[in-house]
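Chemist: this one's structure only:
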C-alpha cells in the first residue's frame, strides 16, 4: 500500500473527501488522472484544492500521457491533409468524442468544488474545455477532398465484370466463419473479404461463399440418419437425443434463436 499512497498522496480530511460525492473519496483526482481523457499540458494544477504546491506523481504522469495523446492526434490530422480516406474518418473522430465525453464528466466534478479552486486554474481549464469543444466541432465538418493513392480503390473506379475474384480462403471459396478464431468472430473479420468485394462492385451469385462440407444438406442428412438409426434401436428412442448427437450446439443455439423470435408474436 505504501507505493500506492505515495503515488496518489491522499488526505483523509481533504476537500475531495468532504465536498465531492464520489466513491473514491480522497483518491478521486488520482483515479481520474490515472486514466487521462483530455486535459492539456498546463503549469497550473486543477486538483490542488487545499493549497498544495507542485504536482503529485499521478498528475505528472497524466499530463505526459495527455501531451503524447494530443501530439498523436495532430499527426493523424496532418496525415489527413495529405491522404484522406472517407471510410477511416471516424477513427480520429471517435477518439475526439470519447475524450470530450470524459471532459464533460470531469468539468462537472470540478464545478462542484469551484469555490475551492483558484481562479487561474479554473479559468485555464474552462478555456481548454471550450477550445477542445470547438476543435471537435470543426473536426466533424472538416471533410478534405478524397485523394486516391496506390493500393486504394475509390468508389468511382469500377472493376470490369470479368475481373478475377479474390479467393477468400485457400483454393475454394468456403464459408470461413467455422474456421475463424474468436477475435475474428467478435469483430466480424471473417466477412471482410466479401465486404471488400461488394465495395468494389455489386456481388453476384458466383461471389457468395460455398457451404462447408459439414454444413451441406447431404452431410447433415446422412449424419442424422445414422444417429436416428442408433437411437431407434434403443428401448426408448428419443428424437431430441438424435438431433443433439447429429447437430450438436447448432441445434440448441438455433432453437433458442427461434424461440426468441416467436415469443414476441404471442399475445400474453
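Modeler: Received, thanks. Keep in mind it's a predicted model, so treat the numbers as computed, not measured. Numbers count the residues shown, from 1 in each chain.
Chemist: Return the set of buried residues in the strand or helix carrying residue 255.
Modeler: Following DSSP states H and E, the helix or strand that holds residue 255 is helix 249-262. Of all the residues in helix 249-262, not one is buried under the rule 16 or more other C-beta atoms under 10 Å. Heads up, the C-betas are built off the backbone N, CA and C, glycines and all.
Chemist: and if you look at stretch 217-231?
Modeler: Burial within stretch 217-231, assessed by neighbour count using 16+ other C-beta under 10 Å, is assigned to 223, 227, 228, 231.
Chemist: Grab the two from those residues that are most spread out in space.
Modeler: With C-beta to C-beta as the measure, no two of these lie farther apart than 223 and 231, at 12.6 Å.
Chemist: just checking, what packs against the helix or strand hosting residue 196?
Modeler: Using DSSP H and E, residue 196 maps to helix 192-200. Here helix 192-200 touches no other helix or strand, going by 3 or more C-beta pairs under 8 Å, 6 or more residues apart in numbering; DSSP states H and E.
Chemist: Compute the inter-axis angle for the next helix or strand after it and helix 249-262.
Modeler: Per DSSP H and E, the first helix or strand lying C-terminal to helix 192-200 is helix 217-232. In terms of direction (axes from the mean of the first three to the mean of the last three C-alpha atoms, to 10 degrees), helix 217-232 departs from helix 249-262 by 100 degrees.
Chemist: After helix 217-232, heading C-terminal, what element do we hit next?
Modeler: Counting by DSSP H and E, what follows helix 217-232 is helix 239-247.
Chemist: Check which helices and strands that next one sits against.
Modeler: helix 217-232, helix 249-262.
Chemist: let's see it at 6 Å
Modeler: Counting contacts by 3 or more C-beta pairs under 6 Å, 6 or more residues apart in numbering; DSSP states H and E, helix 239-247 is packed against helix 217-232.
Chemist: who's in contact with the helix it packs on?
Modeler: Residues from elsewhere that reach helix 217-232, judged by C-beta atoms under 6 Å, 6 or more residues apart in numbering: 213, 237, 241, 242, 245, 246.
Chemist: right, and out of those, which lies closest to residue 130?
Modeler: Closest to residue 130, out of all of the contacts of helix 217-232 and judged by C-beta to C-beta, is residue 213, at 61.8 Å.
Chemist: That closest one: how many residues sit nearby?
Modeler: Residues within reach of residue 213, counting by other C-beta atoms under 10 Å, total 9.
Chemist: for it, what are its contacts?
Modeler: The contact partners of residue 213, taken as C-beta under 6 Å, 6+ apart, are residue 219.
Chemist: State the distance from it to residue 200.
Modeler: 29 Å (C-beta to C-beta, to the nearest Å).
Chemist: Kindly report the same for residue 110.
Modeler: Residue 110 sits 50 Å away from residue 200, going by C-beta to C-beta.
Chemist: Likewise for residue 251?
Modeler: For residue 251, the distance to residue 200 equals 37 Å [C-beta to C-beta].
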